[in-house]
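*Asks:* build me a model from this:
(chains A and B)
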Amino acid sequence: MVEISEKVLIEGTANGDEGAFKLLVRKYQNMVFNTSLGFLPIKEDAEEITQDVFVEVYKSINSFRQDASLKTWVYRITISKCLEFQRKAKRKKRFAFLVSIGNTSDAVLESKTIDHPGVDIENEERTELLYKQIDQLPDNQKIALVLHNIDGMSYKEIADTMDVSLPSVESLIFRAKKNLKKKMLHYYEQRL
Amino acid sequence: MKKTEDIRNEANKTLDVLGSIRKVEAPDNIYSSVMDRIQQEENDGIDYMQFMKFAAIGLLIIMNAISYISFLNEESPENESVSTTEIEIENLVSEYQINTFAYSDY
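*Replies:* Below you'll find the predicted structure:
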């Protein structure tokens, strides 16, 4: 397959060329979908975020200054959409909880917490727990951890995406892992 | 001692899961869904613009009507009420005069 340059995709999309936009979506859809799944382990949510990301790309391509690569820019939009989605989901959950106080039915609180196509069934329970603990990390630690450990990005790529220095990324990942382990030990201490 | 080891083992097993999450293919319909949403948002935008246009025209009509009514009220109401009162007074006076005239005959 002939590799079409970023410049052609950017200019084509900015000029309303649907063919260029289609190629752009095809090029990055797996990346966006998998990163979204790294933050939210529910297929439907990740699909919705992936759509949100490309709608945003389409609408803001004219304001893309090209001081970073297209890939990095798409990554940044994806991360911001994922965090926004998580915040909305938390608000919704809190509201559902408040509603359920005055409601005798528990159905309101029941919602799917994991439906990840890349997770084996025998690991579902542990993955669910893992995601819950990752979700409690500070945003910058969460981003660095997800991009490195789930998305498989290098420290350099993470530094570019998060617009921080390489040592900062190392520190963020180190602290994220340390915090995650502490949370996990605490969790099992309560249950075993 | 055994419990501490169990806790550590369980925690490590769960943390290891992080490396076992596989990458997957995105659904095929992403592009068409994105285009549908863009189209929908554009239509909503057009609908919103149309609505705003009609709302602005409606507002102008209402404002014109209000200023026209105020203009009419400024022009006529006092005169009208005065003239009504004048007519009433005139009627009363002429009735009184007729009566007075009528009684004076006898």
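*Asks:* same for the helix or strand bottoming out on mean pLDDT in chain A, what does it pack against?
*Replies:* Each helix and strand of chain A was given a mean pLDDT (mean pLDDT, DSSP states H and E); the minimum falls on helix A:70-101 at a mean of 90. Contact analysis of helix A:70-101 by 3 or more Cβ pairs under 8 Å, 6 or more residues apart in numbering or on different chains; DSSP states H and E lists helix A:6-14, helix A:18-39, helix A:43-60, helix A:139-145, helix A:155-162 as its packing neighbours. Where C-beta positions appear, they are placed from N, C-alpha and C, glycine not excepted.
*Asks:* swap in 6 Å and give it another go.
*Replies:* If contacts are counted by 3 or more Cβ pairs under 6 Å, 6 or more residues apart in numbering or on different chains; DSSP states H and E, helix A:70-101 sits against helix A:18-39, helix A:43-60, helix A:155-162.
*Asks:* dump these to JSON lines, plus mean neighbour count, mean pLDDT and distance to chain B.
*Replies:* Supplementary listing: the helices and strands packed on helix A:70-101 in JSON lines, determined by neighbours: other Cβ atoms under 10 Å in any protein chain shown; pLDDT from 0 to 100; distance: least, Cβ to the nearest Cβ, whole Å:
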{"stretch": "helix A:18-39", "mean neighbour count": "21", "mean pLDDT": "96", "distance to chain B": "4"}
{"stretch": "helix A:43-60", "mean neighbour count": "20", "mean pLDDT": "96", "distance to chain B": "4"}
{"stretch": "helix A:155-162", "mean neighbour count": "19", "mean pLDDT": "96", "distance to chain B": "15"}
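*Asks:* compare those and give me the one nearest A:Lys7.
*Replies:* In this view, the helices and strands packed on helix A:70-101 are compared for proximity to A:Lys7 by Cβ to Cβ, and helix A:18-39 is the closest at 10.5 Å.
*Asks:* check what contacts that closest one and list those residues.
*Replies:* Under the criterion Cβ atoms under 6 Å, 6 or more residues apart in numbering or on different chains, residues A:4, A:9, A:12-13, A:46, A:49-50, A:53-54, A:74, A:78, A:82, A:116, A:146, A:150-151, B:23, B:26, B:30-31 lie in contact with helix A:18-39.
*Asks:* A:Gly152: what's its closest spatial neighbour, skipping adjacent residues?
*Replies:* Excluding the flanking residues, the one nearest A:Gly152 by Cβ to Cβ, 6 or more residues apart in numbering or on different chains is B:Lys23, at 7.9 Å.
*Asks:* equivalent analysis for B:Arg37, please.
*Replies:* Across the structure, with Cβ to Cβ, 6+ apart as the measure, the residue nearest B:Arg37 apart from its sequence neighbours is A:Val55 (5.4 Å).
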